[in-house]
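In: got a sequence here, can you build the structure:
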Amino acid sequence: GGAGFGLRLGVQGKYWLKLIEGLGITLSSDFFFNGVNSDIKQVFENMEEYFEDEGDELDISTPKYLNNDYMVGVNYEYGFGDNFGVYAQFGVGVNMRFITDYREELNYSSGFSLYYDFKMSFAYTIGIGAVIGNRLVVGVDFFNLGAGKVEGYDHHKSQQFHFSKITPKFLTFNVGVRF
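Out: Predicted coordinates for the structure are as follows:
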C-alpha cells in the first residue's frame, strides 16, 4: 500500500566531536502516522461503488500506517556567521511497523483481511537543511524504513495467502527547534 500525507514527530540528540569542528554523532527517534495515498483510496472507493451497483453492501476499512524508528548517525554542520548554517546528516537503525489491518466484508458474511508484518526492519535516513539563528532548524529528510510482508486471510475459503510486500519510504519537510 502506498503511503499518503501524514504526521512525523521526532527527537534528535547530538554529541559534538571535538576532533572535527561541526561534526557530531546523533541519536534519534521518529514517529510517523499516515493513511494511504489518493491512488489507493480511489481503488477502495471503486470497489465500494462496484458492489453497490451490483446491489451488495461492502464494509471496508483502510489501513493506517504507524512507524517508529530508532537511529544512530552522523551530522555535519557548517556555519556562515552567527545566525545561519547548513547541515547534512545520515543515520541507520531499526524501524518498528504498526499498521492497522485492512478489512473488506461483502454482505457481512464473507470477505478478506490483510495482516502486516510487525517485525523490526533495517532503516536509514539522509537529510539536509538550514539552521537559522542557532535555534530554528528547517530541512528535508528521506527515510527508508525497510520491508515488511503483507499476508491475507480469505474468510470465505478459510485460507491464508501471501498478498504483497511493503517498503515504506518517506520524504519529509521539517521544522524544528533546538534547546
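In: which residues of the chain fall in strands?
Out: When secondary structure is read from DSSP state E, the chain shows strands at 3-16, 23-36, 58-61, 65-79, 84-99, 102-106, 110-116, 121-132, 136-144, 148-154, 159-166, 169-177.
In: any idea how far the closest residue in space to residue 133 that isn't next to it in sequence lies from residue 91?
Out: Nearest in space to residue 133, with sequence neighbours left out and distances taken as CB to CB, 6 or more residues apart in numbering, is residue 83 at 5.1 Å. C-beta here means a position set from N, CA and C on the backbone, and glycine is covered the same way. Residue 83 sits at a distance of 26 Å from residue 91 (criterion: CB to CB, to the nearest Å).
In: and these two? Which one has more around it.
Out: More neighbours surround residue 91 than the other of residue 83 and residue 91, with 24 against 11 (other CB atoms under 10 Å).
In: the more buried one: what's it in contact with?
Out: 26, 28, 71-74, 124-125 (CB atoms under 8 Å, 6 or more residues apart in numbering).
In: and which of the residues you listed is nearest residue 17?
Out: residue 74 (8.9 Å; CB to CB).
In: for the closest residue to that closest one other than its chain neighbours, what are its contacts?
Out: Sequence neighbours aside, residue 90 is the residue nearest to residue 74 in space, at 5.8 Å (criterion: CB to CB, 6+ apart). Contact analysis of residue 90 by CB under 8 Å, 6+ apart lists 73-74, 124-127.
In: quickly list what residue 90 is bridged to.
Out: Beta bridges link residue 90 to residue 74, residue 126, judged by DSSP bridges.
In: what does the pLDDT read for it?
Out: Looking at residue 90, its pLDDT is 98.
In: low-confidence stretches in the protein?
Out: 1-5, 36-41, 43-44, 47, 51, 54-61, 101-115 (pLDDT under 70).
In: redo that, cut-off 90
Out: Applying pLDDT under 90 to the chain flags residues 1-8, 32-67, 81-82, 97-120, 134, 146-171, 178-179.
In: the residue nearest to residue 137 when sequence neighbours are not counted: neighbour count?
Out: Excluding the flanking residues, the one nearest residue 137 by CB to CB, 6+ apart is residue 176, at 4.2 Å. The number of residues packed near residue 176 is 15, by other CB under 10 Å.
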